[in-house]
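Student: Next comes the sequence, and after it the predicted model I'd like to discuss.
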Amino acid sequence: MSQNKPQLSCGSCVLTRICLPANLSPEETRILGGAVERGRELRAGARLIRAGARTDALYVVRGGSAKSCGLMSNGEEYVRAFHLPGEVAGLEGFACGRHTCEVVALEPMSYCRIPSGPLERMMATLPGLRRELMRLLGQSLEEAQRMRIESSTIDARGRLARFLVDLSSRLELRHLSPTHIRLSMSRRDIAHHLGLTVETVSRTLAAFRRASWVEVRARYIELLQPAALASLPVR
């Protein structure tokens, strides 16, 4: 006779320490967990959120990864952010009630969904959740401002180095190797995120490789000297 699998909860999830419940009390985590819809999956390339769609939920990546992207006035794609397990997607849609970005799975991914109705009610009664969402909103705004500044003040080497160092730190937080990185995003995605061309990303990676700072094999990157990347001067 097969045994029933234990019911997953926010409190027992391995991502609790980096997900929404990270700064919540056990009771707040229990209440939040009761509103979470789990076990949802997407294939690579599928859309989690469509730009222009009404905001009816907040999403958290559970496995795999995704990108938030959109189109500029000239029709070129830009990538606003990459989302790793434990990170929230779709937060920008709460500003005006509709999503301004597409969220697309970069690889097969699983996610949790928190409907906006229960979420708004919980924000009114759970101060920990309210503080956490405000922190995420502030963090998103700060990141957007930083990217705008860097696009005009930091050269391609500095932008790509910071991207790799930041990605390394985020992976380490998830108990993954900070030096042996499998990129789920393409070089085109990275270029559209950093405001560069694909050719510039490729040339810059080649320059890092010649300096023995990285080793590159298709989408696999080994950071040989992360300190050198982190200390690259501006301009």
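Tutor: Here it is on my side, so go on.
Student: Stretch 218-235: how far from the chain's middle?
Tutor: The chain centroid and the centroid of stretch 218-235 are separated by 20 Å under CA atoms, centre = their mean, to the nearest Å.
Student: Rounded mean pLDDT for it, please.
Tutor: Per-region confidence: stretch 218-235 scores 89 on mean pLDDT.
Student: Least confident secondary structure element in the chain?
Tutor: None of the helices or strands of the chain scores lower by mean pLDDT, DSSP states H and E than helix 127-153, at a mean of 83.
Student: Toward the C-terminus from that one, list the very next helix or strand.
Tutor: Downstream of helix 127-153, the next assigned helix or strand under DSSP states H and E is helix 156-173.
Student: which parts of that following helix are buried?
Tutor: 156-165, 167-168, 170-171 (16 or more other CB atoms under 10 Å). C-betas here are computed from N, CA, C, even on glycine.
Student: Now do it: which elements does it pack against?
Tutor: With contacts taken as 3 or more CB pairs under 8 Å, 6 or more residues apart in numbering; DSSP states H and E, helix 156-173 sits against helix 127-153, strand 180-182, helix 187-194, helix 198-210, strand 220-223, helix 226-230.
Student: picking up where we left off before, list just the nearest of the buried residues of helix 156-173 to Arg38.
Tutor: Proximity of the buried residues of helix 156-173 to Arg38 (CB to CB) peaks at Arg170, which lies at 22.5 Å.
Student: wait, doesn't the closest one sit right on Leu84?
Tutor: Yes. Arg170 is within contact range of Leu84, at 5.6 Å (criterion: CB atoms under 8 Å).
Student: Between the two, which contacts overlap?
Tutor: Here Arg170 and Leu84 share no contacting residue, scored by CB atoms under 8 Å, 6 or more residues apart in numbering.
Student: pLDDT weak spots in this structure?
Tutor: 1-8, 233-235 (pLDDT under 70).
Student: Show me the domain layout of it.
Tutor: Domain ranges of the chain: 10-144, 154-230, per automatic domain parsing.
Student: now the nearest residue to Leu42 once chain neighbours are set aside: how far from Leu194?
Tutor: Once flanking residues are discounted, Leu42 sits nearest to Ala105: 4.3 Å by CB to CB, 6 or more residues apart in numbering. Here Ala105 is placed at a distance of 21 Å from Leu194 (CB to CB, to the nearest Å).
Student: Leu160 too?
Tutor: For Leu160, the distance to Leu194 - CB to CB - is 6 Å.
Student: For Glu102, what are phi and psi?
Tutor: Main-chain torsions, Glu102, degrees, to the nearest 10: phi -80, psi 140.
Student: what's near enough to touch it?
Tutor: 47, 49-51, 68-70.
Student: Ranking by neighbours, what's the top pick from the residues you listed?
Tutor: Most neighbours among the contacts of Glu102, by other CB atoms under 10 Å: Ser68, with 25 neighbours.
Student: got the contact list for it?
Tutor: Counted by CB under 8 Å, 6+ apart, Ser68 has contacts 79-83, 89, 92, 101-103.
Student: now with 10 Å?
Tutor: 48-49, 51, 78-83, 89-92, 99-104, 140, 193 (CB atoms under 10 Å, 6 or more residues apart in numbering).
Student: just Leu106 next, same as before
Tutor: Contacts of Leu106 by CB under 10 Å, 6+ apart are 44-45, 64-67, 82-83, 183-186, 189.
Student: Can you pull the phi/psi pair for it?
Tutor: The phi/psi pair for Leu106 (degrees, to the nearest 10) is phi -80, psi -20.
Student: Without its sequence neighbours, what residue ends up closest to it?
Tutor: The nearest residue in space to Leu106 (CB to CB, 6+ apart) is Ser184, at 4.3 Å.
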